[in-house]
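J.: Pasting the sequence and the predicted coordinates here, then a few questions.
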Amino acid sequence: MLYFYAPSFTFPGPMGGDCFAPGLRVGDAIEAAEMPLGSSSPHYDRDLPRFVLACPDGTPTLSGWESRTKEQVEADYPGILGGV
């Protein structure tokens with residue numbers, strides 16, 4: 001499993017308000033990212049804003065994604081990956 005921090009893409013929700021999804025950087029903008037099959041997001045950090053992504057081995061690092069180890073993710077967000 002590979003771990004990434006991905007920027008948050010914000011878009012209008014169907015009932016008003018904002019929705020959030022993992023994004024990628026395109027120039028100065030954040031666009032929606034197509035997530036690889038088998039990926040999940042165990043955490044959304046609203047304060048930064050960014051997603052923690054868990055992706056299958058071999059997933060390329062998309063623009064704006066920051067590669068992290070399981071230990072780094074656990075240090076930033078204790079317990080979200082089940083501990084180290």
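T.: It's in.

J.: which strand in this structure runs the most residues?
T.: Secondary structure of the chain per DSSP state E: the longest strand is strand 2-12.

J.: Give me the contact list for that strand.
T.: Here strand 2-12 makes contact (Cβ atoms under 8 Å, 6 or more residues apart in numbering) with 18-25, 30-33, 44, 48-59, 61-62, 64-70, 72-73, 81. Glycine gets a C-beta too; all of them are placed from N, C-alpha and C.

J.: Break down this protein into its helices, ranges please.
T.: Secondary structure of the chain by DSSP state H: the helices cover 70-76.

J.: most distant residue from the middle of it?
T.: When distances are taken from the C-alpha mean of the chain, residue 15 lies farthest, 23.7 Å away, according to Cα atoms, centre = their mean.

J.: rewinding a little: which of the contacts of strand 2-12 are buried?
T.: 20-24, 30-31, 33, 50-55, 59, 62, 64-65, 68, 73, 81 (16 or more other Cβ atoms under 10 Å).
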